[in-house]
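In: Here is my input; please provide its structure:
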Amino acid sequence: MAILDILRLPDPRLKQVSSTVERFDAALRDFVADLEETRLDGPAAVGIAAPQVGRFQRIVIVDVSGRPKTPNHGYLVLINPEILHWEGFAMGREGCLSVPDYTGNVMRATQIRLRAQDLEGQTHEYDMEGYEARAVQHEIDHLDGLLFVDRVVSRRTDLYRRKVYAPRGGQGR
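Out: Numbers count the residues shown, from 1 in each chain. Model (predicted):
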């Protein structure tokens with residue numbers, strides 16, 4: 001496994017739309033293992049998307065199970081994810097490995113129904129709410145070339161410079 005370099009704003013590749021995964025093989029599993037190692041190396045990252053490391057395929061990892069009292073499905077590898085239904089809206093603070101110096105207020109759906117494939121290509125549906133739904137929406141945005149800064153209500157009033165940011169590993173990716 002390897003820790004991959006994370007693309008950072010203003011890298012124009014972050015605006016690229018990702019393609020559908022069609023091959024579910026050992027190379028995909030190896031890449032997902034590297035992607036997970038990269039996520040775990042980040043500062044408290046609950047999710048990561050393949051485009052953040054320069055691979056433009058529809059692959060995300062989300063795991064919000066470390067948040068107490070947060071309804072969740074545990075560690076999820078979501079391949080070719082698609083939101084089938086959403087409802088409710090709430091403002092919430094978001095950060096991103098690709099925008100390490102800022103956080104921002106973003107409006108997201110509070111409940112979603114999601115369809116995605118797993119590493120073997122099997123299709124699953126999930127009903128998600130709250131923080132897990134927010135995290136999944138954030139990661140799916142990466143697949144469509146969007147960052148949370150593209151969704152802040154106002155860059156003047158809803159974008160905040162981080163007070164402290166210290167990446168793990170000290171490599172300054």
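
In: Give me the distance from the lengthiest strand in the chain to the chain's centre.
Out: Assignment by DSSP state E gives strand 76-96 as the longest strand of the chain. On the basis of C-alpha atoms, centre = their mean, to the nearest Å, strand 76-96 sits 9 Å off its chain's mean C-alpha point.

In: C-terminal to that strand, what's the next element?
Out: Sequence order places strand 99-117 as the next helix or strand after strand 76-96, per DSSP states H and E.

In: From the contact counts, what lies against that next one?
Out: If contacts are counted by 3 or more C-beta pairs under 8 Å, 6 or more residues apart in numbering; DSSP states H and E, strand 99-117 sits against strand 76-96, strand 123-129, helix 130-143, strand 159-161. Yep, even glycine has a C-beta here, placed from its N, CA and C like the rest.

In: For the worst-scoring helix or strand of the chain on mean pLDDT, name the packing helices and strands.
Out: Among the helices and strands of the chain, strand 159-161 carries the lowest confidence by mean pLDDT, DSSP states H and E, at a mean of 90. Applying 3+ C-beta pairs under 8 Å, 6+ apart, one finds that strand 159-161 contacts strand 99-117.
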